[in-house]
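Trainee: Sequence below, structure please.
(one chain, ligands or ions: 1)
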Amino acid sequence: MNITEESESHPLRSDGNHPTHLTEQGLTSLYDLYEAPPEPIDDDIFESDDADIEDGEPNIPFIFLLTVLVSFSGFLFGYDTGYISAALIATGTDLGREITPEDKELITSATSFGAFMGAIIAGTLADILGRKWVTLGANILFVTGALVQAGSHSVTAMVEGRFVMGWGVGIASLVAPLYISEMAPGRYRGRLVVINTIAVTGGQVIAYVFGAILGDRHGGWRALVGFGCVPALIQLVVFIFMPETPRFLIRANKIDQAKKVIRNIYSGRAGPVDEHLVIKKVKLLLEFNHEEHGDISRIQKLGIEIKQIFGVPAYLRSLAIACGLQAIQQVCGFNSMMYFSATLFEMVGFSNPAVVSLVIACTNLIFTVVAFNLIDRSGRRRILLSTLWVMAVMLVLTGIAISKVLNDMGSAVDSSSPWAKVVIVTMIGYVAFYATGIGSVPWQQSELFPMSVRGIGTSMATATNWGLNLIASASFLTLMQRITPGGTFVLYAVMCLIGEALVYCFYPETSYLTLEDIQGLFQDGFGVEKSIALSREAKRRYEQQQQQQQQQEEDGTIGHSVGVISQEPVVMDADKGAKAVNIAAKQRRLRSDCLTHMPTDDL
Ligand SMILES: O[C@H]1[C@H](O)[C@@H](O)[C@H](O)[C@@H](O)[C@H]1O
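Mentor: Coordinates of the predicted model:
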């Protein structure tokens, strides 16, 4: 297929007619432009800077490896928040005395509070030291915290260990998805970030399993806590050899190092990447990610960032969305249910509540894998719109069922009541929809911010997550007492519905878009309609590229390209490759302009 053939097979042209809504709006000429066959290759274009950040075939195994390694942070986030309930039951008098409910609350919330504090500084630290070194620093906190806890003989020491570890959790929960977002090509970014969430939920499952195994053994809780050191130490050693993200390197003016990382990312099956392409990518990244602030101190720079994030409307919109999504994730009640699931199941009469809790944690893990499959293909926005309302329905049903069990049985409950089974089924349903949507999507937060405020923006969003995590978990049992269990679940359902409405009105679709594309969305509003059209177009190109690649593989011509397999489905010989990149980018911009004016029917 050549360039001209590509334009002829454009799906929008298949009926040969212009869509009427475009003609009605007087957009026929724009549409004609959109449909125009590609310009002939000329040297002016070759000299232009019109490349696209997404051009080139990324080395997916390499990016995947980096993602898995950084996701050890996610695993530690999950493991360290997951093991505590089992560990607390198992401590007996090992902490100097029988621990009281107040001690339990303090020990549990010390991590969330530490995470809240860690999140506040994590973004700024990641901007100063780099994503890689902050990841390493978080590991030191994980190891220190775990060792202090494992060796503790008093409640105070345990609280201190949990608090130190909490800082690590808060920092890692921000930096891991940030690192992945900045490494990943746009079309894979959603999935790669979800790998970190899979690690979080996997860590929670392992914590429950180990808790069940080690909890009964004498001193087993020390091993349970100490195990957290293992992944942290592995990551600490391996990550020293991992690269920094190209976007951070560009921001830090380390251009040669950035080029090296880009070469690694884009050297793949088609051989080493074309050097033209590397230079053009660097230029583009420089355009978007480099900042000149002159000779100012870090504190002054932070002041500028804070002023910008609240003062520039586009940045404020990004912030509102990132914090809003994290808030919905926490106020919809998932963690309360996760932390107190054993108590809840005991209430409705299950004799082995720990096993049922494990089922909940496994459901969370399995459906995070579903999110992995859908997040780019279906899009973040569509997933949220299709799951939040179902979560609300499940919560209402759980509330009704719990009230029925409690009314039927008084305090002497038993699991033979059919309503008890309804509680399990609806809670599993709720968790499944949670994990597919709001459990995973908010961690895509880094993509919402431009580089200049990415650190501070993600810090605020992550701090929102941990702050509300603390409040939601601390208030759960009180809410159950004050407004009854049924009322508590209905309250969470209302939160989900509010979330649904907010997502519908304000959350743009970001799948398949590059970080740099996303920056343009918030200029004059939340860019919801524009984003849907752009994302759909980017997806179409990606799918065409996939087909073309498959075709090349079948024809045995894959080695003839120069690694410039862009989102444009064009085949090129070695010489014309770079030129075609420029044409591709020009067309892309043209299409983007047109799409901006296209009405969308599919919000
Ligand atoms: O995305 C994660 C995941 O859903 C975890 O299971 C949950 O405990 C965290 O709070 C959340 O941030």
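Trainee: Give the burial count for Glu275, as a bare number.
Mentor: Using other CB atoms under 10 Å, Glu275 is surrounded by 11 other residues. Bear in mind the C-beta positions are built from the backbone N, C-alpha and C, glycine included.
Trainee: distance of it from Ile262?
Mentor: According to CB to CB, to the nearest Å, Glu275 and Ile262 sit 10 Å apart.
Trainee: where exactly do the helices run in the stretch 451-600 of the chain?
Mentor: With DSSP state H, counting those that start in this stretch, the ranges of helices along the stretch 451-600 of the chain come out as 451-506, 515-519, 528-555, 577-597.
Trainee: how about those helices in TSV, adding mean pLDDT and distance to Thr111?
Mentor: Shown next, in TSV, are the helices of the stretch 451-600 of the chain (pLDDT from 0 to 100; distance: least, CB to CB, whole Å):
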stretch	mean pLDDT	distance to Thr111
helix 451-506	94	9
helix 515-519	88	31
helix 528-555	89	36
helix 577-597	39	44
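Trainee: Could you point out which of the ones you listed sits nearest the ligand?
Mentor: Closest of the helices of the stretch 451-600 of the chain to the ligand is helix 451-506, at 5.9 Å (criterion: CB to the nearest ligand atom).
Trainee: just how off-centre is the closest one within its chain?
Mentor: Put simply, helix 451-506 sits 17 Å off its chain's centre (CA atoms, centre = their mean, to the nearest Å).
Trainee: What of stretch 158-166?
Mentor: Put simply, stretch 158-166 sits 26 Å off its chain's centre (CA atoms, centre = their mean).
Trainee: Does the ligand have contacts with it?
Mentor: No. Judged by CB under 6 Å from any ligand atom, stretch 158-166 makes no contact with the ligand; its nearest approach is 13.3 Å.
Trainee: List of residues touching that stretch?
Mentor: 80, 84, 91, 95, 106-108, 110-118, 141-142, 144-150, 152, 225, 228 (CB atoms under 8 Å, 6 or more residues apart in numbering).
Trainee: Mind putting the helices of the stretch 451-600 of the chain into TSV with mean neighbour count and distance to the ligand?
Mentor: Shown next, in TSV, are the helices of the stretch 451-600 of the chain (neighbours: other CB atoms under 10 Å; distance: least, CB to the nearest ligand atom, whole Å):
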stretch	mean neighbour count	distance to the ligand
helix 451-506	20	6
helix 515-519	21	21
helix 528-555	18	23
helix 577-597	20	32
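Trainee: Gly324: which of those is closest?
Mentor: Comparison of the helices of the stretch 451-600 of the chain against Gly324 by CB to CB identifies helix 451-506 as nearest, at 5.9 Å.
Trainee: what angle separates the closest one from helix 528-555?
Mentor: 110 degrees (axes from the mean of the first three to the mean of the last three CA atoms, to 10 degrees).
Trainee: could you say what helices and strands helix 451-506 packs with?
Mentor: helix 101-129, helix 155-183, helix 298-311, helix 313-331, helix 334-339, helix 380-409 (3 or more CB pairs under 8 Å, 6 or more residues apart in numbering; DSSP states H and E).
Trainee: Of those, which stretch is the most buried?
Mentor: helix 155-183 (a mean of 26; mean count of other CB atoms under 10 Å).
Trainee: any low-confidence regions in the protein?
Mentor: 1-55, 269-270, 290-294, 408-415, 557-603 (pLDDT under 70).
Trainee: show me what contacts the residue in it positioned nearest to the ligand?
Mentor: Nearest residue of the chain to the ligand, counting by CB to the nearest ligand atom: Gly439, 3.4 Å away. Counting by CB under 8 Å, 6+ apart, Gly439 makes contact with 197, 201, 329, 334, 364, 367-368, 371.
Trainee: Then Leu365?
Mentor: Counting by CB under 8 Å, 6+ apart, Leu365 makes contact with 198, 201-202, 204-205, 435.
Trainee: ditto for Gly145
Mentor: Counting by CB under 8 Å, 6+ apart, the residues that Gly145 touches are 80, 161-168, 228.
Trainee: So it belongs to a helix, correct?
Mentor: Yes. Counting by DSSP: H, G, I helix; E, B strand; the rest coil, Gly145 falls inside a helix.
Trainee: Please report how far the closest residue to it other than its chain neighbours lies from Phe433.
Mentor: The shortest distance from Gly145 to any non-neighbouring residue, by CB to CB, 6 or more residues apart in numbering, is to Met165 (2.7 Å). Using CB to CB, we find Met165 at a distance of 30 Å from Phe433.
Trainee: just to revisit the earlier point, secondary structure element for the residue of the chain closest to the ligand, which one?
Mentor: Of the helices and strands defined by DSSP states H and E, none includes Gly439.
Trainee: where does it fall, phi/psi-wise?
Mentor: Gly439 adopts backbone torsions of phi -70, psi -30, taken as degrees, to the nearest 10.
Trainee: Isn't Ala126 up against Leu136?
Mentor: No. Ala126 lies out of contact with Leu136 (CB atoms under 8 Å); the separation is 11.6 Å.
Trainee: what sits against Phe367?
Mentor: Shown in contact with Phe367 (CB under 8 Å, 6+ apart): 431-436, 439.
Trainee: Now rank those by neighbours and give me the top one.
Mentor: Counting neighbours by other CB under 10 Å, the top entry in the contacts of Phe367 is Tyr434, with 29 neighbours.
Trainee: thought it was touching Cys332?
Mentor: Yes. At 6.9 Å, Tyr434 counts as touching Cys332 under the criterion of CB under 8 Å.
Trainee: didn't Phe506 look like it was pressed against Ile321?
Mentor: Yes. Using CB under 8 Å, Phe506 is in contact with Ile321, at 6.2 Å.
Trainee: Quick check: neighbours shared by the two?
Mentor: With CB under 8 Å, 6+ apart as the test, Phe506 and Ile321 both reach Phe526.
Trainee: got the residues of the chain near the ligand?
Mentor: Near the ligand, when you scan the chain using CB under 6 Å from any ligand atom, you find 197, 200-201, 204, 329, 335, 338, 364, 439, 443, 465, 469.
Trainee: Nearest to Glu287 among the residues you listed?
Mentor: Nearest to Glu287 among the residues of the chain next to the ligand is Trp443, at 27.0 Å by CB to CB.
Trainee: list the contacts for that closest one?
Mentor: 173, 177, 193-194, 196-197.
Trainee: so who does the residue lying closest to it once chain neighbours are set aside touch?
Mentor: In space, and not counting its chain neighbours, Trp443 is closest to Pro177: 4.8 Å by CB to CB, 6+ apart. Taking CB under 8 Å, 6+ apart, we find Pro177 in contact with 193, 196, 443-446.
Trainee: what about 10 Å?
Mentor: 70-71, 73-74, 189, 192-197, 442-447, 458, 462 (CB atoms under 10 Å, 6 or more residues apart in numbering).
Trainee: and it, how far is that from Asn373?
Mentor: Relative to Asn373, and taking CB to CB, Pro177 is found at 18 Å.
Trainee: ditto for Leu479
Mentor: 35 Å.
Trainee: what's the answer for Glu529, then?
Mentor: 26 Å.
Trainee: Tyr83 now?
Mentor: Relative to Asn373, and taking CB to CB, Tyr83 is found at 28 Å.
Trainee: Alright, calling it a day.
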